[in-house]
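**Student:** from the sequence below, what's the structure:
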Amino acid sequence: MFESLSDKLQGVFKRLAGRGRLSERDVDAALREVKLALLEADVNYKVVKEFVARVRERAVGVEVMRSLTPAQAVVKIVNEELIRILGTPSKIDLSGPPPHVIMLVGLHGSGKTTTAAKLALHLRKRGQRPLLVAADPYRPAAATQLEVLGKQLDIPVHSEAANVPPPAICANAVKRAEQSAYSVVILDTAGRWHIDEEMMQELEQVKWAVSPAEVLLVADAMTGQEAVRVAEEFNKRIGLTGLILTKVDGDARGGAALSIRSVTGVPIKFLGVGEKTDALEPFHPDRLASRILGMGDILTLIEKTEAAFDQERALHMEKKLRTATFDLEDFLEQLRAVKKMGPLSQLMEMVPGLAGLSRQISPEITDRQMKRMEAIINSMTREERRNPRIINASRKRRIARGSGTTVQEVNMLLSQFRQMQRMLKQLSGERGILSMFGKGRML
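**Tutor:** Reported below is the predicted structural model:
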């Protein structure tokens, strides 16, 4: 989402790094570029003005002028001010006796129904028993969509006839949750194409009927400053406790994420980073600021890794790496686990120094390549996977035919695998990257 902004900011910092000690004129020239980059990213003008003023106040002071590395000091200041704008981390309020009611509100097309399912899955992984509620009787497919998602995730969905008013549906769902010991009730309320009086009155009635612990606005990051205006309106009428920004993985310029907390005062709680039901990330301002500045996001990468890899299996795999017995069956297992973690380009953005490279790789290309690699390995016999050295010319032709690929692609995979074997053997030493990620954590 922040590709253009990130590139421009990194360009500014590179130019500063080449100047040695910085003058006030150098700082002003750099901040003019930063200001323009933020405005082009659709960040609210008042937010940009305040941000640049705060950075300048610190950057022309003793903090930078007496620094041995002034450019790095400016980057540090910009990072800290970005974190300040983005706000502090805010978790879902699960205090008090259950069931905890979470009310999702938003306009049509913001991804509210899908987000309800994602949030339910997120909370179930943390030990909660969620109940999804189809509280949108106006959109014909809304209840069906939620029921399909609930069935996929094995999460129950409460729905009623189309003639039952939403406040009654929600109140009945809370009673069901109390009787069946569901700890969280997630209300997927009705949206509109625009904000209107009828919509707001209905949401106020729902809120009065169930007294939710959380009222979360689901806002489309692709709409830019419109998302900020929508958040202000909902907050005035309904009283929001948090925000969920969806479609963050798209080509939005990022202005909404950088503006919405500062303008509304309402914390961002989650980011929707993909279409899959597990593509919901808790919002961490410091991690997002690091990504914007091209500094990576190792903590999120580690969390994704730990979620995708079974710890016992990871320890077994680490042992295989250390003893150089890593084979194509293991490689296939790792390939499938990496696919669970999300697009390869997104993972590369989290590694410091690889953000620029990730933008040169199309997600479609990397996904297609991974599917081809999986198909090639699946076309091999178990003996061939465990001992690739026996794969001769005739075996390669058979594998290529079985996988719908060419002999050249089979050769390329085997060559890449041999190179990876050598690299992983080096990285698995006591001072290697496996040690950096901690015992039992796998890349």
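**Student:** strands of the stretch 101-250 of the chain, start to end?
**Tutor:** Using DSSP state E, counting those that start in this stretch, the strands of the stretch 101-250 of the chain run over residues 130-135, 157-158, 184-189, 214-220, 242-246.
**Student:** between these, which one is nearest to L9?
**Tutor:** With respect to L9, and counting by CB to CB, the nearest of the strands of the stretch 101-250 of the chain is strand 242-246 at 20.2 Å. (Glycine included, C-beta is placed from N, CA and C.)
**Student:** now what about the closest one, what contacts it?
**Tutor:** Strand 242-246 is contacted from outside by 90, 92, 104, 110-111, 114-115, 119, 214-221, 227, 231, 256-257, 260-261, 264, 266-272, 280, 283, using CB atoms under 8 Å, 6 or more residues apart in numbering.
**Student:** mind putting the strands of the stretch 101-250 of the chain into CSV with mean neighbour count?
**Tutor:** Below are the strands of the stretch 101-250 of the chain laid out as CSV (neighbours: other CB atoms under 10 Å):
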stretch, mean neighbour count
strand 130-135, 28
strand 157-158, 24
strand 184-189, 28
strand 214-220, 25
strand 242-246, 26
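**Student:** Serialize these to a markdown table and add fields for mean pLDDT.
**Tutor:** A markdown table is the format used below for these (pLDDT from 0 to 100):
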| stretch | mean pLDDT |
| --- | --- |
| strand 130-135 | 95 |
| strand 157-158 | 95 |
| strand 184-189 | 95 |
| strand 214-220 | 92 |
| strand 242-246 | 90 |
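**Student:** reformat these as a markdown table; add distance to N235.
**Tutor:** Below are those laid out as a markdown table (distance: least, CB to CB, whole Å):
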| stretch | distance to N235 |
| --- | --- |
| strand 130-135 | 20 |
| strand 157-158 | 27 |
| strand 184-189 | 16 |
| strand 214-220 | 8 |
| strand 242-246 | 9 |
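**Student:** out of those strands, which comes closest to S290?
**Tutor:** Closest approach to S290 among the strands of the stretch 101-250 of the chain is made by strand 242-246 (17.4 Å; CB to CB).
**Student:** quick one: that closest one to strand 214-220, angle?
**Tutor:** Interaxial angle of strand 242-246 relative to strand 214-220 (axes from the mean of the first three to the mean of the last three CA atoms, to 10 degrees): 30 degrees.
**Student:** show me what strand 242-246 pairs with in its sheet, parallel or antiparallel.
**Tutor:** strand 214-220 (parallel), strand 268-272 (parallel) (DSSP bridges).
**Student:** what are the contacting residues of the first one?
**Tutor:** Applying CB under 8 Å, 6+ apart, the set of residues contacting strand 214-220 from outside is 92-93, 100-107, 109-112, 115, 207, 227, 230-231, 234-235, 238-247, 256, 260, 266, 269.
**Student:** need the buried ones from these selected in PyMOL.
**Tutor:** Restricted to buried positions by 16 or more other CB atoms under 10 Å, the PyMOL selection for these reads:
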select buried, resi 92+100+101+102+103+104+105+106+107+110+111+112+115+207+227+230+231+234+235+238+240+241+242+243+244+245+246+247+256+260+266+269
